[in-house]
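Asker: Have a look at this prediction, sequence included:
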Amino acid sequence: MLHNKVYPFYFTLGTLILYIVFFVIPAVMGLGYAFTDWNRYSTDVNYVGLENFSVLLSSSDNYIFYARNTFVFTFTTIVLKTVLGLLFALLLHNGIRRLRSLYRLIIFLPAVLPMVVVGIIFRSVLNPRRGLLNEFLQAVGLGAWTQQWLTDPHVALLSIMGVDTWKGAGYIMVILLAGLQTIPVEYYEAAQIDGANAFARLRHLTIPLLMPALVVSTVLSILHGLKIFDVVYVLTNGGPGYSTEVLYTAIFKEFSKGRYGIGTALSSLLFFVMVFIGYFVIRLMEQGRTND
Amino acid sequence: MTSDGPFTTLLRLGRLPTAKKSAQHGMYHVLAILVCLIMYAPIHLVVVNSLKDRTEARSMSIERPATLYLENYSTVIKQANLEQAFFNSVLYSSSATLLATILASMAAYVMSRNKTRLNQFLYFFIIMGIAMPFNFFTLSKVMQMTHLINTQIGIIILYAATQLPFNTFLIYGFVESLPRELDEAAIVDGAGPLRLFFGVIFPLLTPVLVTAALLSFLQVWNDFIFPLYYLNDSSKWPMPLAVYNFFGQFESSWNLVSADIVLTVLPVIAVYLLGQRFIVSGMTAGSVKG
């Protein structure tokens, strides 16, 4: 084939080899090691059947609770980020012409900061005694709302979700802004003439036409939420107790303890969940690109 | 005018009296400024406290420093081994970015131009990596087997690999917009595949390469998970891990921690401000049509 001469296969080899070595082989190996007692302290690795999975499912090992935390985190942050991101996007798109790009620049800024740095900054902001948040609440007369943001087990996960929302809402806003710009103004003029009020226009026009962008922003948030690690690691490291432990902080702890078999079983389960979701994201992203 | 969306359209149609219109506009700006303040306040907090002395910074308040305390920066650069960490970060981010951008562009170009069944399969196979989580346990085994664990070259290659799926996705879409006639003309002129790609196509890919490179650079610069797992020698740590470690040691010296954070974030902010347009377009690529 002439094509194979002009577009030779060896061009793809670099990408393919790195991808296979660092993504595919570890994933496939994981499927094998998930059924073993592989650990740091013994050299022989024995097949143990489903034992790792029964540990993951046993109530004494708390993994179900970590999974629950991960899902609560993922679901809540998606709702918060999407609602806020949509409000910000509508505000900038509909209400503001001058300075719009400056506002966008600032609202998006937290999204480019390293997660670790965000964690350290909020360790200070959420400090119960002299943190910015409690001081602010006191100053505006909401002293009753002050909290032990990171040390109260009932509040800590909420605080972490708040920090992640602070970081990610601008990201969602940018995706939704791009979506809003594809909706033709004529639709709104027509709706206007038909007498639709602002709320009706939002519900029957903006939201449906924004769906492709909303779906992609949501699925990206799901992938982000399931993999959440740094912000929890820096803010609470899973504590107090296990109240903010999520799957990836638990995986890191298994790694530190050298319990590789269990960690691999857990990673493999997550692999299937994320590849399943990922399949739909990628289909959607490809569609978004070819439909124009 | 017409491109400004429903509300301006509404105003243009004259439904609202003028006084109300400007009041409404003012309110929107107040809201936007409020949101910006919330986004910016924590960053401001760090900048302000990086300029205070230790006792003043203890309370991490947002007030301005009594006297500027610039020594924090020189202290941090010495004590936190920041020069080494900065050098490591630059090395990892730029090498991984370069590698990932070149490799992904070659692959994306061939897979997009020569749409055989195999290539189409490989393309989907590779971009599935956008969603795929890493198995840190077996990955560490692979890193040991390839003698890449605890080495700088290892972390660079690993970082490059992490960026390949998304870069391939981005560049693939862009290649489709380049006319095939270019390739044909170059072939007629006797160019081989390498000269065709690097001489003709590669320069035309510049816009998407800039986007891919900026996004990769930021992601690699900001990451701290891989060094946490695979670099146990602190002289090889990049800035985020060095900052985290410094924070662990100097938790009570918020002036120094703040200065350390400012120095770590400065390159990120500079890259963001310079490449804002490309970063935003890269982050929205694929999610919306056009």
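Answerer: Noted; the coordinates are in hand. Numbering: from 1, shown residues only, chains lettered A, B, ... in the order given.
Asker: Could you look up the SS state of whichever residue of chain A sits closest to chain B?
Answerer: As assessed by C-beta to the nearest C-beta, chain B sits closest to residue A:278 within chain A, at 2.2 Å. (C-beta placed from N, C-alpha, C; glycine too.) Three-state call for residue A:278 (DSSP: H, G, I helix; E, B strand; the rest coil): helix.
Asker: Show me how far stretch A:43-53 is from its chain's centre.
Answerer: For stretch A:43-53, the separation from the chain centroid amounts to 32 Å (computed by C-alpha atoms, centre = their mean, to the nearest Å).
Asker: List the buried residues for that stretch?
Answerer: For stretch A:43-53, a neighbour-count test (16 or more other C-beta atoms under 10 Å in any protein chain shown) marks A:48, A:52, A:53 as buried.
Asker: now the closest residue to the residue of chain A closest to chain B other than its chain neighbours: how far from residue A:228?
Answerer: Spatial nearest neighbour of residue A:278, excluding adjacent residues (C-beta to C-beta, 6 or more residues apart in numbering or on different chains): residue B:131 at 2.2 Å. Counting by C-beta to C-beta, to the nearest Å, the gap from residue B:131 to residue A:228 is 15 Å.
Asker: could you list every residue that touches the residue of the stretch 101-250 of chain B found nearest chain A?
Answerer: Of all residues in the stretch 101-250 of chain B, the one sitting closest to chain A is residue B:131 (2.2 Å; C-beta to the nearest C-beta). By C-beta atoms under 8 Å, 6 or more residues apart in numbering or on different chains, residue B:131 lies in contact with A:223, A:274, A:275, A:277, A:278, A:279, A:281, A:282.
Asker: Might one say that the fourth one is in contact with residue A:222?
Answerer: Spelled out, that is residue A:277. Yes. Residue A:277 is in contact with residue A:222 according to C-beta atoms under 8 Å; the separation is 5.8 Å.
Asker: got the end-to-end distance for stretch B:217-234?
Answerer: Terminal residues of stretch B:217-234 are spaced 21 Å apart (C-alpha to C-alpha, to the nearest Å).
Asker: again with stretch A:136-156
Answerer: Stretch A:136-156 has an end-to-end distance of 19 Å (C-alpha to C-alpha).
Asker: Buried residues, it. List them.
Answerer: Buried residues in stretch A:136-156, counted by 16+ other C-beta under 10 Å: A:137, A:146, A:147, A:148, A:149, A:150, A:151, A:155, A:156.
Asker: Just these: which are in helices?
Answerer: A:137, A:156 (DSSP state H).
Asker: any chance of the buried residues of stretch A:136-156 in JSON lines, plus pLDDT?
Answerer: Formatted as JSON lines, the buried residues of stretch A:136-156 follow (pLDDT from 0 to 100):
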{"residue": "A:137", "pLDDT": "92"}
{"residue": "A:146", "pLDDT": "87"}
{"residue": "A:147", "pLDDT": "88"}
{"residue": "A:148", "pLDDT": "90"}
{"residue": "A:149", "pLDDT": "91"}
{"residue": "A:150", "pLDDT": "93"}
{"residue": "A:151", "pLDDT": "91"}
{"residue": "A:155", "pLDDT": "93"}
{"residue": "A:156", "pLDDT": "95"}
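Asker: Make JSON lines from the buried residues of stretch A:136-156 and add distance to residue B:271 to it.
Answerer: Listed next are these as JSON lines, based on distance: C-beta to C-beta, whole Å:
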{"residue": "A:137", "distance to residue B:271": "35"}
{"residue": "A:146", "distance to residue B:271": "37"}
{"residue": "A:147", "distance to residue B:271": "36"}
{"residue": "A:148", "distance to residue B:271": "37"}
{"residue": "A:149", "distance to residue B:271": "31"}
{"residue": "A:150", "distance to residue B:271": "30"}
{"residue": "A:151", "distance to residue B:271": "36"}
{"residue": "A:155", "distance to residue B:271": "35"}
{"residue": "A:156", "distance to residue B:271": "33"}
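Asker: just curious, which of the buried residues of stretch A:136-156 is nearest to residue B:27?
Answerer: Nearest to residue B:27 among the buried residues of stretch A:136-156: residue A:137, at 24.5 Å, using C-beta to C-beta.
Asker: so what's the closest one up against?
Answerer: Residue A:137 makes contacts with A:143, A:145, A:146, as judged by C-beta under 8 Å, 6+ apart.
Asker: Looking at these, spot the one nearest residue A:123.
Answerer: Closest to residue A:123, out of all of these and judged by C-beta to C-beta, is residue A:146, at 16.5 Å.
Asker: so where's chain A shaky on pLDDT?
Answerer: Applying pLDDT under 70 to chain A flags the ranges A:1-2, A:290-292.
Asker: what residue lies at the spatial centre of it?
Answerer: residue A:224 (2.2 Å; C-alpha atoms, centre = their mean).
Asker: and that residue, how far is that from residue A:107?
Answerer: Separation of residue A:224 from residue A:107 (C-beta to C-beta): 18 Å.
Asker: where does the closest residue to residue A:180 other than its chain neighbours fall, phi/psi-wise?
Answerer: Distances taken as C-beta to C-beta, 6+ apart put residue A:93 closest to residue A:180, at 4.5 Å, once the chain neighbours are dropped. Phi and psi for residue A:93, reported as degrees, to the nearest 10, are phi -70, psi -40.
Asker: count of neighbours near residue A:93?
Answerer: Burial of residue A:93 is recorded as 22 neighbouring residues (other C-beta atoms under 10 Å in any protein chain shown).
Asker: which residues sit in contact with residue B:43?
Answerer: A:109, A:110, A:113, A:121, B:265.
Asker: got the contact list for residue 146?
Answerer: Went with chain A since none was named. Counting by C-beta under 8 Å, 6+ apart, the residues that residue A:146 touches are A:128, A:134, A:137, A:138.
Asker: um, chain B though
Answerer: Counting by C-beta under 8 Å, 6+ apart, residue B:146 has contacts A:21, B:154.
Asker: same question, residue B:237
Answerer: B:85, B:88, B:227, B:231, B:245.
Asker: Just the buried subset of the residues you listed, please.
Answerer: B:85, B:88, B:227, B:231.
Asker: now, among those, which is nearest to residue A:210?
Answerer: Nearest member of the buried ones among the contacts of residue B:237 to residue A:210, counting by C-beta to C-beta, is residue B:227, at 38.7 Å.
Asker: my read: that closest one touches residue B:155, true?
Answerer: Yes. Counting by C-beta under 8 Å, residue B:227 does reach residue B:155; the two are 6.6 Å apart.
Asker: What number of residues are in the vicinity of residue A:258?
Answerer: 13.
Asker: Point out where the stretch 1-150 of chain B drops to low pLDDT.
Answerer: The stretch 1-150 of chain B contains residues with pLDDT under 70 at B:1-21.
Asker: let's see 90
Answerer: Scanning the stretch 1-150 of chain B with the threshold set as pLDDT under 90 gives B:1-27, B:52-71, B:77-82, B:131.
Asker: which element is residue A:210 on?
Answerer: Here residue A:210 sits within helix A:207-226, counting by DSSP states H and E.
Asker: what packs against that helix?
Answerer: The contact analysis (3 or more C-beta pairs under 8 Å, 6 or more residues apart in numbering or on different chains; DSSP states H and E) places helix A:207-226 against helix A:63-90, helix A:156-180, helix A:260-290.
Asker: Point out the most buried one among those helices.
Answerer: Among the helices and strands packed on helix A:207-226, ranked by average contacts under mean count of other C-beta atoms under 10 Å in any protein chain shown, first place goes to helix A:156-180 (a mean of 24).
Asker: Can you name the element that comes right after that one?
Answerer: Remark: after helix A:156-180, the chain's next helix or strand is helix A:185-193, criterion DSSP H and E.
Asker: Now do the same contact list for residue A:234.
Answerer: A:115, A:116, A:119, A:120, A:123, B:244.
Asker: Make JSON lines from the residues you listed and add distance to residue A:166 to it.
Answerer: Formatted as JSON lines, the contacts of residue A:234 follow (distance: C-beta to C-beta, whole Å):
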{"residue": "A:115", "distance to residue A:166": "12"}
{"residue": "A:116", "distance to residue A:166": "15"}
{"residue": "A:119", "distance to residue A:166": "11"}
{"residue": "A:120", "distance to residue A:166": "14"}
{"residue": "A:123", "distance to residue A:166": "14"}
{"residue": "B:244", "distance to residue A:166": "19"}
